[in-house]
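Asks: A predicted structure for the sequence below; I have some questions about it.
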Amino acid sequence: MFQASEIKRIIEAGIPGSTAIVLDEANDGEHFAAEVVSPTFIGKGLVQQHQQVYKTLGSLVGNAIHALALKTYTPEQWAEAGRS
Amino acid sequence: MGKERVDQIVKGSDVVLFMKGNKFFPQCGFSARAVQILQAAGAKFETVDVLADPAIRQGVKDYSSWPTIPQLYIRGEFVGGSDIMAELHESGELTKKLAGE
């Protein structure tokens, strides 16, 4: 069982300057959805952006964290999405 | 050894989806979504059931440094998991990648 707030803390600690919104979508402590905004994503492809997030969580994803639906944004993309 | 077999598989076909189950009986919601996206994009693709082979299941994760299944490869290149597939499909980029543009 994991808390969404703990995943948020791990991602934000692992990616300097990032903000993560993490939801326990199924309310089961295993399936989460995360939106991550970070200036470090600028100029990187989607695969690299997602890999950066997965890296912060190490072996948790696929094990204790069964699934993590992920969406990444640069600050500019986040502003364009009208969510900030 | 799992990684080497993955390498052979992704270089052996144009479009390969590593998934749980097969396209008719996906064993996981994310794999089901990946199949739906490829079908909606009109792709001709092969699938590999990672549940049938633990070495492939681990090998494909090591191969791409990507911790989850499904995983899509087009002409040997790792494209992403189901979230990225959905994004690329929405923007029309997936169709372009499939067509080799």
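Replies: Looks like it came in fine. Everything numeric in this text was worked out from a predicted model, so none of it was measured.

Asks: Contacts only, for the closest residue to chain A within chain B.
Replies: Closest residue of chain B to chain A, C-beta to the nearest C-beta: residue B:67 (4.3 Å). C-beta coordinates here come from the backbone N, C-alpha and C atoms, glycine included. By C-beta atoms under 8 Å, 6 or more residues apart in numbering or on different chains, residue B:67 lies in contact with A:54, A:57, A:59, A:61-62, B:61.

Asks: Show me where chain B has its helices.
Replies: Taking DSSP state H, the helices of chain B run over residues B:2-12, B:29-40, B:54-64, B:82-91, B:93-99.

Asks: Which one, of the ones you listed, ends up nearest to residue B:74?
Replies: helix B:93-99 (5.3 Å; C-beta to C-beta).

Asks: got the CA positions of that closest one in CSV?
Replies: Taking Å, rounded to 0.1, in the frame of the first residue of the first chain, the C-alpha atoms of helix B:93-99 are listed here in CSV:
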residue,chain,number,x,y,z
GLU,B,93,2.2,11.4,-34.7
LEU,B,94,1.6,7.7,-34.2
THR,B,95,0.2,7.3,-37.7
LYS,B,96,3.2,9.1,-39.0
LYS,B,97,5.6,6.9,-37.1
LEU,B,98,3.7,3.8,-38.4
ALA,B,99,4.0,5.1,-41.9
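
Asks: and it, which residues are buried?
Replies: Neighbour counts over helix B:93-99 (16 or more other C-beta atoms under 10 Å in any protein chain shown) mark B:94, B:97-98 as buried.

Asks: returning to that earlier point: and the helices of chain B as TSV, adding distance to residue B:48?
Replies: Putting the helices of chain B into TSV (distance: least, C-beta to C-beta, whole Å) gives the following:
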stretch	distance to residue B:48
helix B:2-12	6
helix B:29-40	11
helix B:54-64	6
helix B:82-91	15
helix B:93-99	18
